[in-house]
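Undergrad: generate coordinates for the sequence data below:
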Amino acid sequence: MVRFEDVYLRYGRGPDILQRVTFRLEPGSFHFLVGPSGAGKSSLLKLLYLGQRPTQGRISLFGRDVAKLDRDERALLRRRIGVIFQDFRLIGHLSVFENVALPLRISGEPESRLRAKVEELLAWVGLADCITALPATLSGGQQQRIAIARAVISRPSLIVADEPTGNVDDRIAMRLLHLFVELHRSGTTVVIATHNEGLVQRIDKPALRLSGGSLLPPAEADLPGGSEQSEETAGQVPS
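TA: Purely as a prediction, here's the structure:
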């Protein structure tokens, strides 16, 4: 699903933010992306969701060389990727329902099917009572769950999350991580960037480790998909 080959990234004439990054992710795998602040985690995620082009090297997504995609092809490929940003990026004047429904409306989902899908997913993430609320009236943990629901509503093949537990306490953080585990169990490939090593140790999944813009240890070999989480989770993903 994902292949990076000797990838470098720099912004303008600055130093290399990423260097010699090589790895691949199999479909249906789950990986954390860990490292201290400034290690390059957000920059690597930008490459994953086509928000940035590499300075050097080759990236393939879903079997396609991203350097050979035209604008329309990039847009179509991005529809297969759900992105959860660190700052949520919710639309303030839209209700919880409208925020989550937005990707389906953009893709042309009929209104007759859209409402049921959004309501089911909001119930699954524990926000059934907040459908008409505006994001600013809700807690950070609730806003994060809105962002997650919006990212997964269109059933993307790849979920990319940047510090999705960075603004909540450990109890809510574990709840959110269990949501990602359930998405993974339904077949979605998941990549979560975090600096919280304690949370990573509580979820039995492999990690890509960044230090100074390079992966440690070297990741030329295939990375395992990780074993199933044995703790209680949030329930089955809505179909």
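Undergrad: alpha carbons only for contacts and neighbour counts from here, please
TA: OK.
Undergrad: and stretch 188-202, which residues are buried?
TA: Across stretch 188-202, burial judged by 16 or more other C-alpha atoms under 10 Å covers 188-195, 200.
Undergrad: I should have written stretch 30-41 there, sorry.
TA: 30-35, 39-41.
Undergrad: re the thing from before, just the buried residues of stretch 188-202: which are in helices?
TA: residue 200 (DSSP state H).
Undergrad: now, which of the buried residues of stretch 188-202 sits nearest residue 117?
TA: Residue 117 has its nearest neighbour among the buried residues of stretch 188-202 in residue 188, at 17.6 Å by C-alpha to C-alpha.
Undergrad: just to revisit the earlier point, flag the least confident of the buried residues of stretch 188-202.
TA: Lowest pLDDT within the buried residues of stretch 188-202 is found at residue 195 (83).
Undergrad: state the distance from that one to residue 35.
TA: 6 Å (C-alpha to C-alpha, to the nearest Å).
Undergrad: just residue 64 next, same as before
TA: 28 Å.
Undergrad: which two among the buried residues of stretch 188-202 are spaced furthest apart?
TA: 188 and 195 (22.5 Å).
Undergrad: quick one, domains of the protein?
TA: Domains of the chain are assigned by automatic domain parsing as 1-80+156-239, 90-155.
Undergrad: select from those domains the stretch with the lowest mean pLDDT.
TA: domain 1-80+156-239 (a mean of 84).
Undergrad: please state the offset of that domain from the chain centre?
TA: Put simply, domain 1-80+156-239 sits 7 Å off its chain's centre (C-alpha atoms, centre = their mean, to the nearest Å).
Undergrad: please apply the same query to stretch 92-105.
TA: 18 Å.
Undergrad: what residue lies at the spatial centre of this structure?
TA: residue 160 (1.8 Å; C-alpha atoms, centre = their mean).
Undergrad: can you pull out the helices in this structure?
TA: If DSSP H is used as the criterion, the helices of the chain fall at 41-48, 71-78, 96-106, 111-124, 140-152, 170-185, 197-202.
Undergrad: kindly export the longest one (C-alpha atoms) in CSV.
TA: Looking back up the chat, that one is helix 170-185. C-alpha atoms of helix 170-185 as CSV (Å, rounded to 0.1, in the frame of the first residue of the first chain):
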residue,chain,number,x,y,z
ASP,A,170,-4.9,9.4,29.2
ARG,A,171,-8.3,7.9,29.7
ILE,A,172,-9.8,9.6,26.6
ALA,A,173,-6.5,8.9,24.7
MET,A,174,-6.9,5.1,25.3
ARG,A,175,-10.6,5.3,24.2
LEU,A,176,-9.5,7.0,20.9
LEU,A,177,-6.7,4.5,20.3
HIS,A,178,-9.2,1.7,20.7
LEU,A,179,-11.3,3.3,18.0
PHE,A,180,-8.3,3.1,15.7
VAL,A,181,-7.7,-0.5,16.6
GLU,A,182,-11.3,-1.3,15.6
LEU,A,183,-10.8,0.5,12.3
HIS,A,184,-7.7,-1.6,11.7
ARG,A,185,-9.6,-4.8,12.5
